[in-house]
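S.K.: Generate a structure from the sequence data that follows.
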Amino acid sequence: MLDLTGKVALVTGGARGIGRAICLRLAAQGADIAILDAGNPAVGEQTKADIEALGRRALFVTGSVTDPEQCDAFVKAALDAFGQVDILVNNAGITRDDLVMRMSLDEWKAVLEVNLFGAFYCTKAVVRPMFKAKRGGRIINMSSVSGQAGQTGQANYSSSKAGLIGLTKACAREFASRAITVNAVAPGFITTELTKDLPAELQEAIRAQTPLGHFGTVDDIANAVAFLASDEAAYITGQVLAVDGGLVMM
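M.R.: As a prediction, the model looks like this:
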């Protein structure tokens with residue numbers, strides 16, 4: 001098993017779904033975890049308790065990545081609690097799907113503000129203490145196959161996830177001299193609360209287009225993040241790791 005003992009990981013949107021799976025996977029490998037989530041605080045506290053049950057330290061902060069001051073405060077809280085930050089996973093994300101001709105400006109802005117601006121704010125907040133510590137680091141951005149290939153009815157979401165790929169590559173170049181790697185994970189269709197309610201015919205159509213023939217799991221994504229966060233991935237930066245069953249091959 002990949003060893004993250006002695007590391008501290010910050011995970012946005014970490015209370016449930018893919019974010020929760022990432023938190024638990026990194027904790028199982030030895031990392032202490034700080035979570036920033038704007039959802040139900042009770043859900044975040046439960047994830048915190050589950051991390052602690054694995055024998056790791058955990059911090060849960062209620063807040064939104066759309067507010068740069070809250071992102072700064074989250075990083076400061078993690079530093080105060082744990083004394084260091086080694087890993088940032090920019091996982092927070094939302095959808096507001098609609099066709100372009102019907103999409104409101106608020107729906108466009110809301111998705112970009114959470115998915116792309118939020119990742120920038122958190123990266124900006126964490127990189128200075130990473131530089132100062134001179135310990136290197138890992139930044140992992142959660143992109144999507146929608147950011148690689150586009151998706152009907154998701155102009156806002158696809159744009160935000162494509163933007164994350166650009167942010168990943170630019171930061172990888174800027175931070176490389178400090179031994180900080182920056183990579184992205186691009187999930188395909190993953191079984192979550194959102195996808196399980198898709199119409200049966202749409203689910204079947206997606207499976208038919210996916211070479212491996214089935215949806216992925218949150219653990220598939222968490223495993224990819226854990227690898228990119230580990231020392232074994234020290235020579236990988238600026239890359240997009242597709243975890244999509246072969247749906248998008250580039």
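
S.K.: looking at the protein, which residue lies furthest from center?
M.R.: Centroid-distance maximum for the chain: Met101 at 29.3 Å, with C-alpha atoms, centre = their mean.

S.K.: three-state assignment of that residue?
M.R.: Put simply, Met101 is coil when judged by DSSP: H, G, I helix; E, B strand; the rest coil.

S.K.: Relative to Gly153, how far out is it?
M.R.: 11 Å (C-beta to C-beta, to the nearest Å). Using the backbone N, CA and C atoms, a C-beta is placed for each residue, glycine as well.

S.K.: distance between the lowest-mean-pLDDT helix or strand in the chain and the chain's centre?
M.R.: One helix or strand of the chain scores below all others by mean pLDDT, DSSP states H and E: helix 200-209, with a mean of 84. Distance, stretch centre to chain centre, for helix 200-209: 25 Å (C-alpha atoms, centre = their mean, to the nearest Å).

S.K.: CA atoms only: put that helix into CSV for me.
M.R.: What follows is helix 200-209 as a C-alpha-only set of coordinates in CSV (Å, rounded to 0.1, in the frame of the first residue of the first chain):
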residue,chain,number,x,y,z
ALA,A,200,-32.1,3.6,-17.3
GLU,A,201,-31.8,4.1,-21.1
LEU,A,202,-29.2,6.8,-20.6
GLN,A,203,-27.2,4.6,-18.2
GLU,A,204,-27.2,1.8,-20.8
ALA,A,205,-26.1,4.2,-23.6
ILE,A,206,-23.2,5.3,-21.4
ARG,A,207,-22.2,1.7,-20.7
ALA,A,208,-22.3,0.9,-24.4
GLN,A,209,-19.9,3.8,-25.2
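
S.K.: Tell me where the protein is predicted with low confidence.
M.R.: 1, 194 (pLDDT under 70).

S.K.: which other residues reach stretch 232-250?
M.R.: Contacts to stretch 232-250, defined as C-beta atoms under 8 Å, 6 or more residues apart in numbering, come from residues 2, 136, 138, 143, 145, 148-149, 165, 168-169, 172-173, 176, 179, 181-189, 206, 209-216, 220-221, 224, 227-228.

S.K.: Give me the neighbour count for Gly136.
M.R.: 14 (other C-beta atoms under 10 Å).

S.K.: Please read the previous query as pertaining to Leu116.
M.R.: 23.

S.K.: Equivalent analysis for Phe120, please.
M.R.: Phe120 has 18 nearby residues by other C-beta under 10 Å.

S.K.: Buried ones in the longest helix along the chain, by neighbour count?
M.R.: In the chain, assigned by DSSP state H, the helix with the most residues is helix 155-175. The neighbour-count check on helix 155-175 (16 or more other C-beta atoms under 10 Å) flags 155-165, 167-169, 171-172, 175 as buried.

S.K.: Quick check: the residue nearest the centre of the chain vs Phe175, distance?
M.R.: Among the residues of the chain, the one closest to the centroid is Asn91, at 2.3 Å (C-alpha atoms, centre = their mean). Distance of Asn91 to Phe175, given as C-beta to C-beta: 19 Å.

S.K.: what's the answer for Gly6, then?
M.R.: 21 Å.

S.K.: For Ala125, give me its contacts.
M.R.: Taking C-beta under 8 Å, 6+ apart, one finds 68, 71-72, 74-75 in contact with Ala125.

S.K.: Let me know the closest of those to Glu201.
M.R.: Comparing the contacts of Ala125 against Glu201 with C-beta to C-beta picks out Cys71 as the nearest, at 40.5 Å.
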